[in-house]
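[1] Sequence and computational prediction follow.
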Amino acid sequence: MTFLDSDNGAHDIQTRAAAIRLAVFDVDGVMTDGRLYLDAHGGEIKTMHVRDGLGLKRLQAAGIEIAVISGRPSEAVARRMAELGIERVHLACQDKAGALAGIRDALGLAPRDIAVMGDDLPDLALADSLTGGPGLLLAVADAVVELRRAADWISAAPGGAGAVREACELLIGARAAGRS
């Protein structure tokens, strides 16, 4: 895990992470390695790290809501999110900011209550759609440079290789430390 800035920055990240009530994840490049695997019939195969799945289950158990917002459709992603008990899944979403606003309003959250994890420019735009920015902007290690520069925290692992698990552990650990 990479905390940006100094030790004081790491403390600030921990404090802000402890207040997160909703974690929003992109799919391609965050939960997957970002590559598209296509078969001869136009079918798509996604690979996801099993440790990320456990991290998401642990995040739910810690009382943090999860939302998945992706611009691409995927039956495989829909199935995997259902297996994990994640209900707020927006696939083939052409208005990510609108989807996030709807979730935020339904849960009665402020932008500071939300963490957004992404890998590419649409995820930066999604975070920018929150007035004042999200509580935390999280990036995978192999995110585009613009997102890494704007991020509050960057995983050590690239997308699809445990980055989501690292983000989950950050939020879970900060919440547990905030209660003690």
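    Yes, it's here.
[2] ok, which stretches of the chain are helices?
    7-18, 50-61, 75-83, 96-107, 121-128, 145-150, 163-179 (DSSP state H).
[3] Quick one: residues contacting Leu121.
    Leu121 makes contact with Val144, Glu146, Leu147 under the criterion Cβ atoms under 8 Å, 6 or more residues apart in numbering. For every residue, glycine as well, the C-beta is placed using N, CA and C.
[4] Is it possible to get CSV of the helices of the chain that adds distance to Ala157 and mean pLDDT?
    Supplementary listing: the helices of the chain in CSV, determined by distance: least, Cβ to Cβ, whole Å; pLDDT from 0 to 100:
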stretch, distance to Ala157, mean pLDDT
helix 7-18, 17, 77
helix 50-61, 9, 96
helix 75-83, 18, 95
helix 96-107, 23, 95
helix 121-128, 17, 89
helix 145-150, 14, 95
helix 163-179, 4, 92
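[5] Now stretch 138-148: buried residues?
    By 16 or more other Cβ atoms under 10 Å, the buried positions in stretch 138-148 come out as Leu138, Ala139, Val140, Ala141, Asp142, Ala143, Val144, Leu147, Arg148.
[6] quick one: which of these is nearest to Pro73?
    Taking Cβ to Cβ as the measure, Pro73 lies nearest Val140 of the buried residues of stretch 138-148, at 21.6 Å.
[7] Quick check, that closest one in contact with Met31.
    No - the pair Val140 / Met31 is not scored as a contact, 9.6 Å apart, by Cβ atoms under 8 Å.
[8] closest one to Val24 among the helices of the chain?
    Each of those has some distance to Val24 by Cβ to Cβ; the shortest is helix 96-107, at 6.3 Å.
[9] quick one, the closest one and helix 121-128 angle?
    Taking axes from the mean of the first three to the mean of the last three Cα atoms, to 10 degrees, helix 96-107 and helix 121-128 form an angle of 40 degrees between their directions.
[10] would CSV of the buried residues of stretch 138-148 with distance to Leu36 be doable?
    Shown next, in CSV, are the buried residues of stretch 138-148 (distance: Cβ to Cβ, whole Å):
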residue, distance to Leu36
Leu138, 23
Ala139, 21
Val140, 17
Ala141, 20
Asp142, 16
Ala143, 18
Val144, 17
Leu147, 20
Arg148, 22
